[in-house]
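K.L.:
my questions are about this predicted structure, shown below with the sequence.
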Amino acid sequence: MRLRLPRWAAVTAVLAVLAGAGTVTAVASDDPPPVHRADRMLDLDGVKLDTSYFTGGGDGRRPAVLLGHGFGGSKDDVRAQAEQLARDGYAVLTWSARGFGASTGQIGLNDPDHEVRDARKLIDWLAARPEVLLDKAGDPRVGVTGASYGGAISLLAAGHDPRVDAIAPQITYWNLADALFPQGVFKKLWAGIFFSAGTTAQPGAQQGTQPSAQQGVQPGAAAGKAAADACGRFTPELCALYQRVAVSGKPDAAARALLEARSPSAVGARIKVPALLVQGQSDSLFTLAQSDAMAKTLTANGAPVAVDWISGGHDGGDRETERVERRISGWFDRWLKRDTSVDTGPAFRVSRTGGVDSTDGQATLRAATADRYPGLTAGTTAVPLAGPAQTFANPAGAAPPAVSAVPGLGGGVAGLSSLGVGISLDFPGQHARFDAKPQTEPLRITGTPTVRVKVTSTAADGSAVLFAKVYDVGPDGRQQVLPAQLVTSVRVDGAKAGKSLALTLPAIDHEVEAGHRLRLVVAATDLGYASPVAPAGYTVAVESPLAVPTAPGLDTQAATLPWWVWGLPLLGLAVAAALLLTARRRTTAPAPDPELAAVPLQIAGLSKKYKGGDRYSVRDLSFRVEQGQVLGLLGPNGAGKTTTLRMLMGLITPDEGEIRVFGQAIRPGAPVLSRVGAFVEGAGFLPHLSGRENLDLYWKATGRPAEDAHVDEALRIANLGGALERAVRTYSQGMRQRLALAQAMLGLPDLLILDEPTNGLDPPQIREMREVMIRYAAGGRTVIVSSHLLAEVEQSCTHLVVMDRGQLVQAGPVAEITGSGDTLLVSLAREIDDALVEKTAALPGVAAATRADGGLLVRLDGTDATALIGELVRLDVPLTGVGPHRRLEDAFLTLIGGGAA
Amino acid sequence: MSTPTTTRTGTAESAPGYRPGRTLPLRVEALRQWKRRRTLVMGGILIALPFILVIAFAIGGEDNDRNGRITLMDTATASGANFAATCLFVSAGFLLVIPVALFCGDTVASEASWSSLRYLLAAPVPRSRLLASKLTVALGYSAAAMVLLPLVALAVGTVAYGWGPLQLPTGGSVPAGDALFRIAVAVAFVFASQLVTAGLAFWLSTRTDAPLGAVGGAVGLTIVGNVLDAVTALGDWREYLPAHWQFAWIDALQPQLEWGGMVKGTAISLTYAVVLFALAFRGFARKDIVS
């Protein structure tokens, strides 16, 4: 074909904007900047092309991109990508090719005189746009991209028009004859789908295809539309070609020549622009061998080339649209915007399937990259194949056919092969197979394995059509996977007496695991291809090991994980550290006071108000306990005794004040608490363990030596007998109480704190308890007993601290508080009224007078009993007797002013 | 009672032999928890489940109505390894959440409810030490529960269905030795993904004196997470929900071991867990123990 020279001036005038050229500003929902779209019908030499022109915001001239669509589709298929490119700063022109969408004209399979010329005129049109960057007058800075049919036009435009500056063809062909007639065999199923997609497309009848629709060939478009004539919108020339080949089942030289002339390979030597070649691994239509040919030619021409094998392809699977479009934008940024800071990615990149992400059901892909494209036969390793020469039949009518890739089945069947499943079928007696030994280590095949075979045919003309494939066979020998579902066809002529030839197997990227083996299968039929219908016998023998390319230098990248996989746990750790560090006590523990080292307990200025409480539970409490004392902590309910003891045990933190035990300040878990034994507010045991286990485990929890426990002495106090071996949950209240006392005494602590210790004990036990406490203190230890059973305290304590409403009322030796003869009990004949009590209290020398059980309690302050009797008689108090009173209970009531108890 | 008459020797700081770092050893805490009825019941259920499933498969026979969906159920009786994977499949969603919530949620709250907590703290076991011991033991019991189920299932399954490769529901198979590794990876991930439940339960355990409240709260919030994950409108935000990844361990049973989901799930779970554990330690260090 001739290279037409651009005729700028004329063309600009010829291009007419036809009626109906709508101008729409497509404001993407939430993605600024908005993209401006202008739809126009361009009249190019009598053919109307439906175009859309997309520009993003911003002023100034920008590079342009021509974006083609797939076979059977229209410009609407690529709208999303066009809008994105416009947003990225390009002027984007999409168009429906001749014979597709709303465009008129006939399909010429990218005929240089028609479709390619259209593309050149579109470049002319772009050159006239005020916002398009020009290299020189009439020469816009322009890139061309598209998938499949649109990919081929990218290559062809670059070959036919020197104004094209960069291309990014996707899943397309280099030589259409090779794609449809591989090695002389007609790829009938794909060709049929191709042809029917073109015969049923009606001008203007196609609705705007969804953006998600495949950009490639759309088999579904063939449904309905039976009214179209047999040639549809194809040119008569192509229609005749197809019908001729389809009927004979065998491509002829004329057909080959026609398709080759319209292929990019025809102008291969003139394509010298930077090219990003994206080809699909699951593609039985345009195989990886097609892009390999492109890469070789373009590299030889001196053009920068990057090859990207995506996971999917025409057979289905993941087309990685988002990533590919991003890479294309990057490619154009580098070569159209000439932004040298852009990373255009590795020279060779393969998407490898890692497995299915169960959270979204998507196959996860990871990249393998190399800094140069190695071709399809790099780093071959020989895998010997075993098996004798095998004879098999080509069935009459070529049925039933073996099954490999099934075009149009969709659903990513080919992709399944990487997951260890897939549909493939060979009929017994219709194929030869040759097994390799199981792999001792994994083998990664990247490229086209090759093998020499000798073929003998019994067909009348001595020819044979064979289909070769390499299976990955599992360790059990039964399960086999056909990588990417691919098969290669070959037509052999003159094989009557045997002919030796090299079989080039499909290009794949596939890992054979250790323990798996490779299996070469040569079959007589395949569903996707036309093969001879006359019966024949074929004999195939392998003559060489299988040469397996491994593409050394191609490294699988670690799966890219989002930042938060490492970031979030680190962030969590930082937050956790911050939480813990800011929680440190405001002040460190006060230094121990050596002067108090022998003082079991000193409390100074202690206050505590519970959260939410309306009053202080303990207010400004101070007292001191000396060694050897048995201190009674007395007070009515709510006096703050238990709160004080809890603070003493470090369970709750005082608001103010300080507690020192043997000079050590108390705080939660202060080590000095190991010298304190406590029984506060009832027992606390693990109900499922026996009494003995409870004591045993409690002592072990303190971490102290077992011999320091003095378990026997503690158990004697508990006096539980055989019940000790029963689970605590079966104990009575009293039994638990005694066990708890025993626990408090484990290790014979220097300071023993007992809160209401006689609750639940019977009188003999109470008596013994009392003796235990007295003896305990006699040994130089100190005991603090809180109680409201005042008689108890009176009999066992040496000292008293009396509390009421959180405050200290009085502290001192028992005798000091109860007085020796200072308090008299005046027994009365009858009740007296309040006025009389008050008068009594007001007598000179009387400190207080309180009603008490059986009489009147009078505390003297200066007067004596005799004088008091005289005064009482004078007041008409009906006294029957007066005696000294030492009972603590009365003293206590007197001290706290009566009412509270 | 013979009363000692000599004052014991010991420093003013602490009783002889007392070291904060030796209090509440793990062995002691493990023993304290071991005989509890809930521990034994949980163990019993996990041991019984494989037997129940074997009986169910024996009675039920073949199930032909699967609507084309492929699940591990289809291959349950193919081998011992398959049976173990199936047991994991049926229990990972909920059954295995329970022991984690139970062991971690109950551990501090139950001591509080028994009043034994205050005696441990006054022993004194330092508060952080107490939590560390309890957390370690609770996580240990949780891990044991998760290992127990597949182990029993593997043993039961091997007796019932024989020792063989793991048949994958999608059609491939994994050799028996490799399958053990795969199942171990799956169990490890299930445990890692439950760390968030553990963190939540443990934190609640330090906040309440009601053991059931802590356990129920953790299970409840796990359910809320599952519900949220079902709201597809949340889109990518669901990736930050721990529940989103709870079945990522299935990736370990693919022909090709896929780590991505499990790594992500572990990252999310760890993040939440670390923060929740820190909250527990922080709150407990300052808390007034009034139980």
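P.N.:
Happy to help now that I have it.

K.L.:
lowest-confidence helix or strand of chain B?
P.N.:
strand B:173-174 (a mean of 79; mean pLDDT, DSSP states H and E).

K.L.:
report all helices and strands that the next helix or strand after it contacts.
P.N.:
Downstream of strand B:173-174, the first helix or strand assigned by DSSP states H and E is helix B:176-193. Contact partners of helix B:176-193 among helices and strands, from 3 or more CB pairs under 8 Å, 6 or more residues apart in numbering or on different chains; DSSP states H and E: helix B:80-92, helix B:127-161, strand B:166-167, helix B:260-286. In this view, the C-beta of every residue, glycine as well, is placed from N, C-alpha and C.

K.L.:
looking at the ones you listed, spot the one closest to chain A.
P.N.:
The closest of those to chain A is helix B:260-286. By CB to the nearest CB, the value is 3.3 Å.

K.L.:
distance of residue A:426 relative to residue A:468?
P.N.:
Residue A:426 sits 12 Å away from residue A:468, going by CB to CB, to the nearest Å.

K.L.:
name the residues contacting each of the two.
P.N.:
A:521, A:523 (CB atoms under 8 Å, 6 or more residues apart in numbering or on different chains).

K.L.:
need the three-state assignment for the nearest residue to residue B:135 once chain neighbours are set aside.
P.N.:
Closest residue to residue B:135 apart from its sequence neighbours, by CB to CB, 6 or more residues apart in numbering or on different chains: residue B:202 at 6.0 Å. Under DSSP: H, G, I helix; E, B strand; the rest coil, residue B:202 falls in the helix class.

K.L.:
quick one, what contacts residue B:202?
P.N.:
B:104-105, B:107-108, B:135, B:138, B:276-277, B:280.

K.L.:
the same query, at a cut-off of 6 Å, please.
P.N.:
B:104, B:135, B:280 (CB atoms under 6 Å, 6 or more residues apart in numbering or on different chains).

K.L.:
most neighbours out of the residues you listed, which is it?
P.N.:
Counting neighbours by other CB atoms under 10 Å in any protein chain shown, residue B:104 leads the contacts of residue B:202 with 33 neighbours.

K.L.:
pLDDT score assigned to it?
P.N.:
Looking at residue B:104, its pLDDT reads 95.

K.L.:
figure out the helix or strand that it lives in.
P.N.:
helix B:97-114.

K.L.:
also residue A:810?
P.N.:
Using DSSP H and E, residue A:810 sits within strand A:807-813.

K.L.:
give me the contacts around stretch B:141-155.
P.N.:
B:46-47, B:50, B:80, B:83-84, B:87-88, B:96, B:99-100, B:103, B:183, B:187, B:190-191.

K.L.:
top helix in chain A by residue count?
P.N.:
helix A:564-582 (DSSP state H).

K.L.:
and that helix, what does it pack onto?
P.N.:
Helices and strands touching helix A:564-582, by 3 or more CB pairs under 6 Å, 6 or more residues apart in numbering or on different chains; DSSP states H and E, are helix B:260-286.

K.L.:
quick one: is the helix it packs on near chain A?
P.N.:
Yes: interface with chain A: helix B:260-286 contributes B:260-261, B:263-264, B:267, B:270-271, B:274-275, B:278, B:282, B:285 (CB under 6 Å from any CB of the partner chain).

K.L.:
what's the following helix or strand after the strand holding residue A:810?
P.N.:
helix A:814-818.

K.L.:
how much distance is there from the longest helix of chain A to the middle of the chain?
P.N.:
Distance, stretch centre to chain centre, for helix A:564-582: 17 Å (CA atoms, centre = their mean, to the nearest Å).

K.L.:
ranking the residues of helix B:260-286 next to chain A by neighbours, who comes first?
P.N.:
residue B:271 (26 neighbours).

K.L.:
once you drop chain neighbours, what's closest to residue A:710?
P.N.:
Residue A:710's closest residue in space is residue A:748 (CB to CB, 6+ apart), at 5.4 Å.

K.L.:
my guess is that neighbour contacts residue A:709. True?
P.N.:
No: taking contacts as CB atoms under 6 Å, residue A:748 lies outside contact range of residue A:709: 8.9 Å.

K.L.:
residue A:669 touches residue B:128, doesn't it?
P.N.:
No: if you go by CB under 6 Å, residue A:669 and residue B:128 don't touch, sitting 8.3 Å apart.

K.L.:
how many residues are close by residue A:175?
P.N.:
22.

K.L.:
unless I'm mixing things up, it is touching residue A:263, no?
P.N.:
Yes: counting by CB under 6 Å, residue A:175 touches residue A:263, with 4.7 Å between them.
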